[in-house]
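Visitor: Structure of the sequence below:
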Amino acid sequence: MLDLKNYLLDKDVYVKDEYFKDGKKFIDIEKQIDLIINFQKILKGYTPKDKGCIRSEFGKRVDRIYVMTKKLEVIYKDKNIYEKEIIKKCNLGLKKIKEINYREILKRGMLNNEFAIDRVDPANLRVDNKIQVGKIKKITFNTVEEDFINYMMKRKKVDKKNVIDDYVKQYVEKSKLEKSSLNYINIILDIPQESLRYLYKFRGEDNVDYSEFKSIAENELEF
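Guide: A predicted model of the protein is given here:
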């Protein structure tokens, strides 16, 4: 990643190689969105010397959701209300993705050589006189929407849906993305991904902390 660090340094972006400890303090979300967009524009200008050293993740989020959902459908034939609703919402989300211009989003990302670094929340991306990035080792080729989705998934735990919807709209408009991006981000954020991963991780196991699962599911399903 040395060539990426040097590229960012030339753009006045400093890599600290560690997450920021004060990343949980109060932050202006709208300013963070502007910072994310600015940083993503900077990353677009980066051309790696060896593209093979960076993993491609285009479309992998949807692929993983599909695989987990279909496998869990078989396992949980006699579902309780939580499992039933999680699988139902995941299938609905997958159906909606088929109805939007999802392939064009992937095509744009591939043509533009877009990148994602996994985290663009304040614990990994901030301004302290200059733009600073915590860690970049998880960089992948991926659409710009994916990092923003990861950030909004964190915000979902503290902000109401109408607030999240407004952040998504701001990001798409300021990034000059198409309506398909707005639809895609909203669809993915409506899928109970944390609950899905929890169910999948402990599939087939008897000694599962059901109270923990119930808490995660109720938060995501807004029970």
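Visitor: after the lengthiest helix in the chain comes which helix or strand?
Guide: Counting residues, the longest helix in the chain under DSSP state H turns out to be helix 81-99. Sequence order places helix 102-111 as the next helix or strand after helix 81-99, per DSSP states H and E.
Visitor: Neighbouring strands - and their directions - for the helix or strand following that following helix?
Guide: Following helix 102-111 in sequence order, the next helix or strand is strand 115-116 (DSSP H and E). For strand 115-116, the paired strands and their directions (DSSP bridges) are strand 140-141 (antiparallel).
Visitor: And for the strand it pairs with, what's in contact with it?
Guide: Residues outside strand 140-141 that contact it (C-beta atoms under 8 Å, 6 or more residues apart in numbering) are 51, 54-58, 109-110, 113-116, 118. C-beta: built from backbone N, CA, C; applies to glycine.
Visitor: Low-confidence ranges, this protein, go.
Guide: 1-2, 23-25, 77-78, 208, 223 (pLDDT under 70).
Visitor: Strands of the chain, start to end?
Guide: Ranges of strands in the chain, per DSSP state E, are 13-15, 115-116, 125-128, 130-133, 140-141.
Visitor: Could you identify which of those is most buried?
Guide: Greatest average neighbour count among the strands of the chain goes to strand 115-116 (a mean of 24), per mean count of other C-beta atoms under 10 Å.
Visitor: For stretch 201-220, list the C-alpha coordinates in PDB.
Guide: The C-alpha coordinates for stretch 201-220 follow below in PDB (Å, rounded to 0.1, in the frame of the first residue of the first chain):
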ATOM      1  CA  LYS A 201     -23.100 -17.400  12.000                       C
ATOM      2  CA  PHE A 202     -25.000 -19.600  14.500                       C
ATOM      3  CA  ARG A 203     -27.000 -21.600  12.100                       C
ATOM      4  CA  GLY A 204     -27.600 -25.200  13.300                       C
ATOM      5  CA  GLU A 205     -26.300 -24.500  16.800                       C
ATOM      6  CA  ASP A 206     -28.400 -25.100  19.900                       C
ATOM      7  CA  ASN A 207     -26.600 -23.000  22.400                       C
ATOM      8  CA  VAL A 208     -27.300 -19.600  20.900                       C
ATOM      9  CA  ASP A 209     -27.700 -16.500  23.100                       C
ATOM     10  CA  TYR A 210     -31.300 -15.800  22.000                       C
ATOM     11  CA  SER A 211     -31.600 -12.700  24.100                       C
ATOM     12  CA  GLU A 212     -28.800 -11.100  22.100                       C
ATOM     13  CA  PHE A 213     -30.300 -12.100  18.800                       C
ATOM     14  CA  LYS A 214     -33.700 -10.900  19.900                       C
ATOM     15  CA  SER A 215     -32.200  -7.500  20.800                       C
ATOM     16  CA  ILE A 216     -30.500  -7.200  17.400                       C
ATOM     17  CA  ALA A 217     -33.500  -8.300  15.500                       C
ATOM     18  CA  GLU A 218     -36.000  -6.000  17.300                       C
ATOM     19  CA  ASN A 219     -33.700  -3.000  16.700                       C
ATOM     20  CA  GLU A 220     -33.400  -3.700  13.000                       C
END
